[in-house]
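S.K.: show me how the following folds:
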Amino acid sequence: MKSYKLTFAILFYFGLLLTSCKSEPTLQTYIVDHQESQNFTTVDLPLSVLNIDESKLDEAQKTTYKSIKRLNFLGYKKDAAQPEDYISEKEKVELILNNKAYNELMVINNHGGKFTLKYLGDDEESIDELIVYGNAKDTGFGVLRVLGDQMKPSQIMSLAKVLEKGDIDMSKMKGVMDFFNK
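M.R.: As a prediction, this is how the structure comes out:
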């Protein structure tokens, strides 16, 4: 009798464990699963690629810059011979990003494609991951993950304005640039 209870308890907890695991794909698992796949490239970018002179930042911008820990890029280069692969992979990424865990900040549509900014975090004032997703019908799509601690989107937008005027070190962006120039 005792062994039946023990067996039942083990099966119950094992079943509970299996049903409690999320089977939804995440952006991180998608990137890891596709980093070696054909038509994909992944690049971990150091913060030094931004080449920011911290002495020119105000206090809020310095705090935001220091809250950024890592930049990860995944790109998919569209192959004219296999347009269905592009559509399939694009739909997979968009399905992941349409999960309610990803909060939308902004969408920019232009003639050749679309850019979307989303974030993961408890609220808009303290996020852990900013996602920039862009796709262009002719070339492919790319996802940039900006990982950090307690980043503030409004301050990131302010920092982005500094970057527009900055001098980005393109030698450290070689993997990304090579990908789109192939």
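
S.K.: centre-most residue in this protein?
M.R.: Geometric centre of the chain, nearest residue: Arg145, 3.1 Å, by Cα atoms, centre = their mean.

S.K.: just checking, what packs against the helix or strand hosting Leu120?
M.R.: Take DSSP states H and E as the rule and Leu120 turns out to sit in strand 113-123. The helices and strands touching strand 113-123, judged by 3 or more Cβ pairs under 8 Å, 6 or more residues apart in numbering; DSSP states H and E, are strand 103-109, strand 126-136. Where C-beta positions appear, they are placed from N, C-alpha and C, glycine not excepted.

S.K.: can you tell me the strand partners of it and which way each runs?
M.R.: Under the criterion DSSP bridges, strand 113-123 sits next to strand 103-109 (antiparallel), strand 126-136 (antiparallel) in its sheet.

S.K.: for Asp149, find the nearest of those strands.
M.R.: Closest approach to Asp149 among these is made by strand 126-136 (6.6 Å; Cβ to Cβ).

S.K.: what lies in contact with the closest one?
M.R.: Residues from elsewhere that reach strand 126-136 (Cβ atoms under 8 Å, 6 or more residues apart in numbering): 27, 90, 93-94, 97, 102, 105, 112-121, 141-153, 156.

S.K.: which of the helices and strands packed on strand 113-123 sits most buried?
M.R.: The highest mean neighbour count among those, using mean count of other Cβ atoms under 10 Å, belongs to strand 126-136: a mean of 19.

S.K.: off-centre distance for it?
M.R.: Relative to its chain's centre, strand 126-136 lies at 5 Å (Cα atoms, centre = their mean, to the nearest Å).

S.K.: would you map the helices across this protein?
M.R.: Applying DSSP state H to the chain gives helices spanning 2-20, 27-34, 59-67, 83-97, 153-165, 174-181.
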